[in-house]
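[1] my questions concern the predicted model and sequence given below.
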Amino acid sequence: MRGNPRFLRSWIGLFALLLICAGCGLKSDPIPPTVKLPAAITDLSVESSREGILLAWSVDPLGKIDTFRLFRSEPVRASEACPGCPQEYRPLRSITVTDTGLRSEEGKKFYYVDWDVRTDYFYTYRIAVCDRGGHCGALSNEAGLIHTGR
């Protein structure tokens, strides 16, 4: 059997298959273990205004924060709204801390208006804080409302 080329090819094929399978597996994010991700926002709140929906949140410390990534659920008519139900979030936009549309109080409290909203629709938001290296922390708490236009 040892001189049989078919037997030898079977063993080589099995060995190659083992090598391929050993290379597969669960991979983690390519974030070095020394990177400390920004803390999640815990006080995101929203308020309806004439201009749109005002988002407000605070962070501490601002030192390494570069960008806020805003996520919003798909708008739903007020009559079909389900506050408290699980929402599917999509990226709305990324805002740098120097963006002119972002207002700040002493670099700790931030305000942003989502202008692209419709009256009598339900909106839910979440925000992730990202550092200068592009590493983002966990998503914030959920904050949602039915936009009244006032």
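    Good, I have the coordinates.
[2] which strands and helices lie in contact with the longest strand along the chain?
    The longest strand of the chain (DSSP state E) is strand 121-131. Secondary-structure packing of strand 121-131 (3 or more Cβ pairs under 8 Å, 6 or more residues apart in numbering; DSSP states H and E): strand 53-58, strand 65-73, strand 76-77, strand 89-96, strand 143-146. No exception for glycine: its C-beta is placed from N, CA and C like everyone else's.
[3] can I get these in JSON lines including mean neighbour count and mean pLDDT?
    Converted to JSON lines, the helices and strands packed on strand 121-131 look like this (neighbours: other Cβ atoms under 10 Å; pLDDT from 0 to 100):
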{"stretch": "strand 53-58", "mean neighbour count": "20", "mean pLDDT": "97"}
{"stretch": "strand 65-73", "mean neighbour count": "20", "mean pLDDT": "95"}
{"stretch": "strand 76-77", "mean neighbour count": "14", "mean pLDDT": "94"}
{"stretch": "strand 89-96", "mean neighbour count": "14", "mean pLDDT": "96"}
{"stretch": "strand 143-146", "mean neighbour count": "18", "mean pLDDT": "96"}
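[4] circling back to that earlier point, any idea of the angle the longest strand of the chain forms with strand 89-96?
    Counting by axes from the mean of the first three to the mean of the last three Cα atoms, to 10 degrees, strand 121-131 lies at 50 degrees to strand 89-96.
[5] quick check: angle from strand 121-131 to strand 65-73?
    160 degrees.
[6] so where is the protein shaky, pLDDT-wise?
    1-3, 18-19, 21-33, 61-63 (pLDDT under 70).
[7] want to try a markdown table for the helices and strands packed on strand 121-131, with distance to residue 38 as columns?
    As requested, these are exported to a markdown table (distance: least, Cβ to Cβ, whole Å):
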| stretch | distance to residue 38 |
| --- | --- |
| strand 53-58 | 12 |
| strand 65-73 | 6 |
| strand 76-77 | 30 |
| strand 89-96 | 14 |
| strand 143-146 | 18 |
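[8] between those strands, which one is nearest to residue 113?
    strand 53-58 (5.4 Å; Cβ to Cβ).
[9] partner strands of that closest one and their direction?
    strand 45-48 (antiparallel), strand 109-114 (antiparallel) (DSSP bridges).
[10] contacts for that strand next, please.
    Taking Cβ atoms under 8 Å, 6 or more residues apart in numbering as the criterion, the residues outside strand 53-58 that touch it are 41, 43-48, 70, 108-114, 117, 123, 125, 127, 140, 143, 145, 147.
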